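A.B. asks: attaching a predicted model along with its sequence, questions to come.
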Amino acid sequence: MKKIAAFGSLLWRFPVEVALSGWSTGGLILTGGQRLKPGFARMSYGEISETGAVVLGLLITLTPGTTTVDIDSERRELLLHLLDTADIAGTLDVIRRRFAGPVSVLFKDRSTLSAPVKEPPS
């Protein structure tokens with residue numbers, strides 16, 4: 001049931017986020033002008049599988065204002081380009097809460113789960 005709720009959350013939340021980000025990005029472009037400070041930020045994706053990291057990167061890229069530039073599977077990080085770096089921590093927090101949480105439920109990295117300890121034969 002938890003996976004169904006996570007999928008439903010993403011299914012509902014993604015179009016809403018696209019619309020909200022579109023309005024916000026349009027407003028920044030029309031009014032921000034020279035005050036905008038585009039830049040890069042790194043975001044850890046934790047225990048999400050590689051497939052999940054790709055899905056997370058796609059969700060981020062399809063939401064206006066932020067683009068996934070690289071997925072570093074060794075460091076388990078996404079390199080993101082932000083239209084405005086005025087509040088990097090806030091932007092990353094929103095991504096973690098709205099996208100990374102449900103994606104981690106759907107795409108948990110099974111290789112990070114500890115294997116049961118087998119007792120040696122007697």
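C.D. replies: Great, that's in hand.

A.B. asks: longest helix of this structure?
C.D. replies: The residue-count maximum for a helix in the chain (DSSP state H) belongs to helix 2-27.

A.B. asks: flag every buried residue along that one.
C.D. replies: 6, 9, 10, 14, 17, 21, 25 (16 or more other Cβ atoms under 10 Å). C-beta coordinates here come from the backbone N, C-alpha and C atoms, glycine included.

A.B. asks: using JSON lines, please lay out these together with pLDDT.
C.D. replies: As requested, the buried residues of helix 2-27 are arranged in JSON lines below (pLDDT from 0 to 100):
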{"residue": "6", "pLDDT": "91"}
{"residue": "9", "pLDDT": "90"}
{"residue": "10", "pLDDT": "91"}
{"residue": "14", "pLDDT": "94"}
{"residue": "17", "pLDDT": "93"}
{"residue": "21", "pLDDT": "92"}
{"residue": "25", "pLDDT": "90"}
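
A.B. asks: farthest pair within those?
C.D. replies: Pairwise distances across the buried residues of helix 2-27 peak at 26.1 Å for 6 and 25 (criterion: Cβ to Cβ).

A.B. asks: any chance you could map the strands in this structure?
C.D. replies: 39-44, 66-72, 77-82 (DSSP state E).

A.B. asks: pick the most deeply packed of these.
C.D. replies: strand 77-82 (a mean of 20; mean count of other Cβ atoms under 10 Å).

A.B. asks: name the surrounding residues that touch it.
C.D. replies: Contact partners of strand 77-82, identified using Cβ atoms under 8 Å, 6 or more residues apart in numbering, comprise 38-45, 53, 56-57, 60, 65-72, 88, 91.
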